[in-house]
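Visitor: Build me a structure from this.
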Amino acid sequence: MKKQIITPTAILMVTLFTTMLQAQNLATAARTREQNSSFSIISNDGSNPLPVSNKVEKKFKKQFPAAADAEWYQISTGFVVHFNEVEKRNIVYLDKKGNTVGQLRYCSEKDLPADVRQQVRSNYYDYSITFVKEISVGKTKAYLVTVEDKTSWKIIQVTEEGMDVFEEHIKG
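Guide: Numbers count the residues shown, from 1 in each chain. Below you'll find the predicted structure:
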């Protein structure tokens, strides 16, 4: 039962990561030219920036008032916005109306909820927590927690349904 519950979450995360990688490729192309403002959308073919609608921009600013260095990208289902907020890198997925669909936030161990940190530490007590990705879709949150010891590193997926190894690597 645990595997059946975690599998849809894993599929959702893979879908978000695929979209994120596409957006990062656009970001790399966009950094090679000047941008007209902090709120611009780079078209999918890497051509000139397009203005963001006022409605979408207002929704974004209301939900993320501390957002800085925003980079906007248009995708078939809406927008992807890369930005910094309180020294944390964020990637937000918006639908065409500017509603948040999902968010990926890069953070550290200290940003983990106490129960999640305790769950990981109690199972991987010989490992150090080195990196955390918080994934939010609707009201559901999942965490990808990177842990490592002297010989290996793992990415642990933590959801409200439980904890599972997402990736496992031997240091080389």
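Visitor: nearest spatial neighbour of Val158, skipping sequence neighbours?
Guide: Distance criterion Cβ to Cβ, 6 or more residues apart in numbering; nearest residue to Val158, sequence neighbours excluded, is Tyr143 at 4.4 Å. The way it works is simple: take the backbone N, C-alpha and C, and place the C-beta from them, glycine included.
Visitor: which other residues reach the helix or strand hosting that neighbour?
Guide: Using DSSP states H and E, Tyr143 falls within strand 140-148. Residues outside strand 140-148 that contact it (Cβ atoms under 8 Å, 6 or more residues apart in numbering): 9, 13, 112, 116, 120, 124, 127-135, 153-160, 166, 171.
Visitor: before we move on, the earlier item: the residue nearest to Val158: neighbouring residues, count only.
Guide: Residues lying near Tyr143 (other Cβ atoms under 10 Å) number 22.
Visitor: For Asp69, see how far away it is.
Guide: 24 Å (Cβ to Cβ, to the nearest Å).
Visitor: Name the helix or strand of this structure that has the lowest mean pLDDT.
Guide: When the helices and strands of the chain are compared on mean pLDDT, DSSP states H and E, helix 2-30 comes out lowest with a mean of 47.
Visitor: shaky segments in this protein?
Guide: Within the chain, the segments meeting pLDDT under 70 span 1-51.
Visitor: Need the nearest residue in space to the spatially most central residue of the chain, chain neighbours excluded.
Guide: Residue closest to the mean C-alpha point of the chain, counted by Cα atoms, centre = their mean, is Leu104 at 1.8 Å. In space, Leu104 comes closest to Ile91 once its chain neighbours are excluded; the distance is 4.4 Å by Cβ to Cβ, 6+ apart.
Visitor: That neighbour: which element?
Guide: strand 88-95.
Visitor: Give the buried residues for that strand.
Guide: Within strand 88-95, the residues that count as buried by 16 or more other Cβ atoms under 10 Å are Asn90, Ile91, Val92, Tyr93, Leu94.
Visitor: Can you name the residues bridging to the residue nearest to Val158?
Guide: Glu134, Val158 (DSSP bridges).
Visitor: Quick one: residues contacting the spatially closest residue to Glu148 that is not a sequence neighbour.
Guide: The shortest distance from Glu148 to any non-neighbouring residue, by Cβ to Cβ, 6+ apart, is to Thr130 (5.5 Å). By Cβ under 8 Å, 6+ apart, the contact list for Thr130 reads Thr146, Val147, Glu148, Trp153.
Visitor: how does this protein divide into domains?
Guide: The chain breaks down into these domains under automatic domain parsing: 2-99, 109-170.
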